[in-house]
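Colleague: Here is my input, please return the structure:
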Amino acid sequence: MRRRFSIVITCYNQRSFIRAAVDSALFQSLPSKETIVVDDGSNDGSLEILQEYGDSIHLVRVWPNQGAIAARNRGAAIAGGQYLVFLDGDDLLRAGALNVYERIVAQRSPKIILGRTQWFEGHVPLIQDDSGAYEVVFAEYAALMSKDRGYGLSASSIVVDREVFQDAGGWSPGIFHLDCIDLCVKLGYSGRAVLICAPRTVFYRLHKGNSIHIVPPFLQMAHRIMDKERGGQYPGGRKHRFERYAWLGGVLAFWMKRGLRARLYRDAFKLVAAAWPMILAGVIRRSIVQLKGRRPLETIRLLRTEIR
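Modeller: This next block holds a predicted model:
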């Protein structure tokens, strides 16, 4: 039987976190999976920890360090599962995450799933069972670009059909900051997309090494994303330009505000000057959604044992 999921974990000098990430993948109760770990030139002892797992993981060592994008693409290239589940080495999958994804796949066969993320600092949070913990609440769209809900993205929340990922060219070399935005726009018209609203399936670890703490690279990369859009490098053509503009506009407005808060006034205003048509499209799109309403949420019931 073909594997359903390939979990692709990438790490670089994350000795303090990598064991928790790998364990969170191996402890998933769904049997139809493989765990691929790409060590991207670590020199802090991470590799020695990974070697302890033996045949329970497919370990790939890249030397010297090539960067997260190359490492993710390397792992995806050797994956055999129908779907790729990406996981950064400092994040974790919640227990039962694959069961949630499996139920969505079995019933809807989407090309893309976005898992719900919980941010945390310090110890991994304990989630108390409640009445909603045994339901999968989600929104389904004909294409990812037509989503009408705000959604926090991280690489660890992306689940994508492997063939669709390959057809899109994978993660774009040279685009690390805003890499998730770039990939989602590349996948934007690849087919049915599902946004999971509950339960949360991914734990995103906040620590001093997170790239999101450093604002300038995001402001710089925003111009690269706009250049790709204006150069016709994203799918959908002129027919879907407004939709893409609106999708990107929300992201660009967010980083413009981050730039202002960081007192990077020149860079922030430079971004506004270049991005205002997309930001305006985002405002118009939001107003339309408020008038028409969002796509209704749907629910799938899970057994208690399926989320453990």
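Colleague: which stretches of this structure aren't confidently modelled?
Modeller: Applying pLDDT under 70 to the predicted model, the residue ranges of the chain that meet it are 1, 127-133, 304-308.
Colleague: longest strand of it?
Modeller: For the chain, the strand with the greatest residue count under DSSP state E is strand 193-206.
Colleague: And the next helix-or-strand element following that one, what does it pack against?
Modeller: Elements were assigned by DSSP states H and E; along the chain past strand 193-206, the next helix or strand is helix 216-230. For helix 216-230, the elements it packs on are helix 179-186, helix 241-261, helix 265-292, judged by 3 or more CB pairs under 8 Å, 6 or more residues apart in numbering; DSSP states H and E. Every C-beta, even on glycine, is put in place using the N, C-alpha and C of the backbone.
Colleague: which strands and helices sit next to the last one?
Modeller: What it means is helix 265-292. helix 216-230, helix 241-261.
Colleague: Pull up the pairing partners for the helix or strand just after it, direction included.
Modeller: Towards the C-terminus, the helix or strand next in line after helix 265-292, according to DSSP H and E, is strand 298-301. Applying DSSP bridges, strand 298-301 is found paired with strand 135-141 (antiparallel).
Colleague: What's the separation between the residue nearest to Asp167 when sequence neighbours are not counted and Ile175?
Modeller: Nearest-residue entry for Asp167: Ser190, 7.4 Å, with adjacent residues in sequence omitted and distances by CB to CB, 6 or more residues apart in numbering. Here the distance between Ser190 and Ile175 works out to 18 Å (CB to CB, to the nearest Å).
Colleague: ok, these two, which is more surrounded?
Modeller: Taking neighbours as other CB atoms under 10 Å, Ser190 and Ile175 compare with Ser190 leading, 21 against 17.
Colleague: How about the contacts made by the more buried one?
Modeller: Lys111, Ile112, Ala143, Leu144, Asp161, Val164, Asp167, Ala168, Pro235 (CB atoms under 8 Å, 6 or more residues apart in numbering).
Colleague: Just the element for it, please.
Modeller: Under the assignment given by DSSP H and E, Ser190 is not contained in any helix or strand.
Colleague: mind listing the strands for the stretch 51-200 of the chain?
Modeller: With DSSP state E, counting those that start in this stretch, the ranges of strands along the stretch 51-200 of the chain come out as 58-62, 83-88, 92-93, 112-121, 135-141, 158-161, 193-206.
Colleague: who's in contact with Glu243?
Modeller: By CB under 8 Å, 6+ apart, Glu243 lies in contact with Met145, Ser146, Gly236, Arg285.
Colleague: let's see 6 Å
Modeller: Met145 (CB atoms under 6 Å, 6 or more residues apart in numbering).
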